[in-house]
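A.B. asks: Pasted the sequence and its predicted model underneath.
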Amino acid sequence: MEMQLWKELLSPYKLAVNEIVVKFKYLMSEYKLAGRYCPIEQVEGRVKKVSSILEKIHKKNIDIEELEEKIEDIAGIRIICKFVEDISLVVDIISSRGDMEVKEVKDYIKNSKPSGYRSYHMIVKYKVETINGTKVIPVEIQIRTLAMDFWAVIEHSLQYKYKHNMPSDIRNRLSKAADAVIVMDTEMSSIRNEIMDAQNSFDVKAKLVTEILNLMQSLCKVANRREIVNIQNEFYRIYMTGDMAALKRFYRELDIIAEGYRSQYD
Ligand code: 0O2
């Protein structure tokens, strides 16, 4: 097939990948805005390279005419989570979306591959609008933890280096590393609540400080300089104590002052 034809064939897959990445990134920002814990840590996408498609059709003995029907990971999305528990939350989010229909799932976390590979795969059907009309694209979504991803990325590059002849001692070491990933994910899960609390309070504090700074900025336009300096000094003093309750009280008081000015100027 000529390169131009490949480009045309892959174009809707590129559109699907771009759209889905944007949607998941937006979802992450919505969680942040709402001050809620986001089960997604990172999201990335890719369209399979022509060389990898050719390799796959050769390996699986697929006719080139049937590649769109038989290869379901031309469009690929990878969602990385911090904790194993987050994976099922992401699966629920995907399953309940109106813009993608789950066609198949492969749970390589419950049943890891002989290589030691662990990840949760979902094949979803996703509609894109092109100049030739609507096209339904299969998209493979891989969901895994940061630790599983670390292992998979390293193993994938070694597979690439050794092709089908990976030395047995490297294979053994990878297998041991895969066991270590399970231990690591289990350990991390046991302190998930602590980490989530720490992250939530960090996010809450960051949001509060942003709101205080916004209020102080708007006060700069209306209050006199001495008042602003006093407010700033009080803010720094409370901020340095790390006392969240005092910071929240300070924010409420500042809001009352700002409201007073707002009513004067309305
Ligand atoms: P790339 O470069 O990521 O596109 P098969 O491809 O024969 O294994 P199938 O049914 O097409 O089987 O898909 P499967 O196994 O559900 O998932 C395919 C993708 O999962 C792979 O794509 C990898 O991204 C990942 N994967 C599956 N097994 C392994 C593994 O043992 N190690 C690593 N590192 N990744 C794996 P591609 O096409 O191999 O490559």
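C.D. replies: Thanks, I have it.

A.B. asks: residues near residue 62, how many?
C.D. replies: 15 (other C-beta atoms under 10 Å). For every residue, glycine as well, the C-beta is placed using N, CA and C.

A.B. asks: How about residue 8?
C.D. replies: Residue 8: 13 neighbours (other C-beta under 10 Å).

A.B. asks: That one belongs to a helix?
C.D. replies: Yes. Assigned with DSSP: H, G, I helix; E, B strand; the rest coil, residue 8 falls within a helix.

A.B. asks: From residue 48, how far out is it?
C.D. replies: 15 Å (C-beta to C-beta, to the nearest Å).

A.B. asks: quick check, residue 76 in a helix?
C.D. replies: No. Per three-state DSSP, residue 76 lies outside any helix segment and is strand.

A.B. asks: Need phi/psi at the most centrally placed residue in the chain.
C.D. replies: Centroid-nearest residue in the chain, with C-alpha atoms, centre = their mean: residue 42, separated by 2.8 Å. Main-chain torsions, residue 42, degrees, to the nearest 10: phi -150, psi 150.

A.B. asks: Correct me if wrong: it contacts residue 80.
C.D. replies: Yes. Proximity of residue 42 to residue 80 meets the contact threshold set by C-beta atoms under 8 Å, at 4.2 Å.

A.B. asks: How about the residues of the chain by the ligand?
C.D. replies: Proximity of the chain to the ligand, by C-beta under 6 Å from any ligand atom, involves residues 48, 52, 56, 73, 106, 113, 115, 117, 121, 152, 155, 156.

A.B. asks: Now intersect the residues you listed with the strands, please.
C.D. replies: Here DSSP state E is the test, and the residues of the chain next to the ligand give 106, 121 as lying in strands.

A.B. asks: So among the residues of the chain next to the ligand, which ones count as buried?
C.D. replies: 48, 56, 73, 115, 117, 121, 152, 155 (16 or more other C-beta atoms under 10 Å).

A.B. asks: Pretty sure residue 114 is one of the things the last one touches, is it not?
C.D. replies: No. In this structure, residue 155 sits apart from residue 114 without contact. The criterion is C-beta under 8 Å, and the distance is 12.0 Å.

A.B. asks: Confirm that residue 39 sits in a helix.
C.D. replies: No. Per three-state DSSP, residue 39 lies outside any helix segment and is coil.

A.B. asks: Give me the phi and psi angles of it.
C.D. replies: Dihedral angles (degrees, to the nearest 10) for residue 39: phi -70, psi -10.

A.B. asks: Just give the number of residues close to it.
C.D. replies: 22.

A.B. asks: Check residue 38 too.
C.D. replies: 19.

A.B. asks: do residue 16 as well
C.D. replies: 25.

A.B. asks: so where is the chain shaky, pLDDT-wise?
C.D. replies: Judged by pLDDT under 70, the chain has its weakly predicted residues at 265-266.

A.B. asks: do that again at 80, thanks
C.D. replies: 1-3, 35, 163-164, 197, 199-200, 262-266 (pLDDT under 80).

A.B. asks: the domain parsing of it - what is it?
C.D. replies: 3-168, 194-265 (automatic domain parsing).

A.B. asks: of all those, which lies closest to residue 180?
C.D. replies: Of all the domains of the chain, it is domain 3-168 that lies closest to residue 180, at 8.6 Å by C-beta to C-beta.
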